[in-house]
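>>> no sequence for this one, just the structure:
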């Protein structure tokens, strides 16, 4: 909540296209006094001292959070909010992938900024962003049961709370999914994301491919396969797919929905009569020195209402497609 996000997003809408497609097929101490004591007196004295000796306090272990110089923030996720807030909306997170770096996340839109940090005794020096990084110092006022209190060293000095989030893995944490009661967000390492209902879709990654598979009522496979590769151009990939589709395939080039300056290379093949109901459509764009291909693979049941429902769910996935780039 301390820092603002810079996120450029491009949302595309493909629902109309897919809907149309469906219509055609879509230690101890001792003393010495130097006197001669008999052995019984010496033994009795030693036993008495050993029994009444106070235990020596052990030094804190290296893992103790209270040890001087220990990192304030550990690897993990912390939800951040103002201490004075009544019933705060806990939707802003600091994700520490390690004690020296991480990123922020807002559960409302998934946006965030990366940060590096240097942890000193009683303060944390943050560097937010990757370009023209903003440097700021968080002053720690207290740590109680793992909850960190303090303020950034600025004119406002708003008292903030960093509360650890239990039972989450910072390496896979997603703020939107963590707070969601409905759709989840899938983010691909190649810079694109989609929203999906985890009750209706299963997502599987395999090398450069991502399978988004509908698991609701229907026949056959209903899915979207996303492929990123640099082995050919977008047009070459479209032509190769059209050849696989066979003689019923059609090809075209259109503006990419939501980005008129981007060319979409498309191939489609409607469901044939009396067959399995299989229909296919591919939309490919030039992307990061290669191509990004979204291929819809569906099966018609013959039940128009059910077929349209499946088509709408697949279209919803494509309609939520977003490309993201982060500034400073």
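Received it, and whenever you're ready, just let me know what you need. Computed from a predicted model, the values in this text were never measured in an experiment. Numbers count the residues shown, from 1 in each chain.
>>> Counting neighbours, which bits of stretch 156-171 end up buried?
160, 161, 162, 163, 165, 170 (16 or more other CB atoms under 10 Å). All C-beta atoms are positioned from the backbone trio N, CA, C, and that covers glycine.
>>> An error on my part: the question was meant for stretch 180-194.
For stretch 180-194, the neighbour count (16+ other CB under 10 Å) marks 183, 184, 185, 186, 192, 193, 194 as buried.
>>> Stretch 246-256 too?
By neighbour count on 16+ other CB under 10 Å, the buried set for stretch 246-256 is 249, 256.
>>> Just put the buried residues of stretch 180-194 in JSON lines and tack on pLDDT and secondary structure.
Output for those, formatted as JSON lines (pLDDT from 0 to 100; DSSP: H, G, I helix; E, B strand; the rest coil):
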{"residue": "183", "pLDDT": "86", "secondary structure": "coil"}
{"residue": "184", "pLDDT": "89", "secondary structure": "strand"}
{"residue": "185", "pLDDT": "88", "secondary structure": "strand"}
{"residue": "186", "pLDDT": "91", "secondary structure": "strand"}
{"residue": "192", "pLDDT": "94", "secondary structure": "strand"}
{"residue": "193", "pLDDT": "92", "secondary structure": "strand"}
{"residue": "194", "pLDDT": "93", "secondary structure": "strand"}
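>>> picking up where we left off before, I'd like to know which of the buried residues of stretch 156-171 are part of strands.
Mapping the buried residues of stretch 156-171 onto strands (DSSP state E) picks out 160, 161, 162, 163.
>>> I'd like the residues you listed as JSON lines, with pLDDT and distance to residue 254 appended.
Below are those laid out as JSON lines (pLDDT from 0 to 100; distance: CB to CB, whole Å):
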{"residue": "160", "pLDDT": "97", "distance to residue 254": "49"}
{"residue": "161", "pLDDT": "97", "distance to residue 254": "51"}
{"residue": "162", "pLDDT": "98", "distance to residue 254": "49"}
{"residue": "163", "pLDDT": "97", "distance to residue 254": "49"}
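>>> What's the per-residue pLDDT of residue 23 here?
Note on residue 23: pLDDT of 41.
>>> still on that earlier bit, including distance to residue 78, could the ones in strands among the buried residues of stretch 156-171 go into JSON lines?
Output for these, formatted as JSON lines (distance: CB to CB, whole Å):
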{"residue": "160", "distance to residue 78": "10"}
{"residue": "161", "distance to residue 78": "9"}
{"residue": "162", "distance to residue 78": "4"}
{"residue": "163", "distance to residue 78": "6"}
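>>> coming back round to it: now the buried residues of stretch 180-194 in a markdown table, please, with extra columns for distance to residue 256.
As requested, the buried residues of stretch 180-194 are exported to a markdown table (distance: CB to CB, whole Å):
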| residue | distance to residue 256 |
| --- | --- |
| 183 | 23 |
| 184 | 25 |
| 185 | 21 |
| 186 | 20 |
| 192 | 12 |
| 193 | 16 |
| 194 | 15 |
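>>> Pull the most distant pair out of those.
183 and 192 (16.1 Å; CB to CB).
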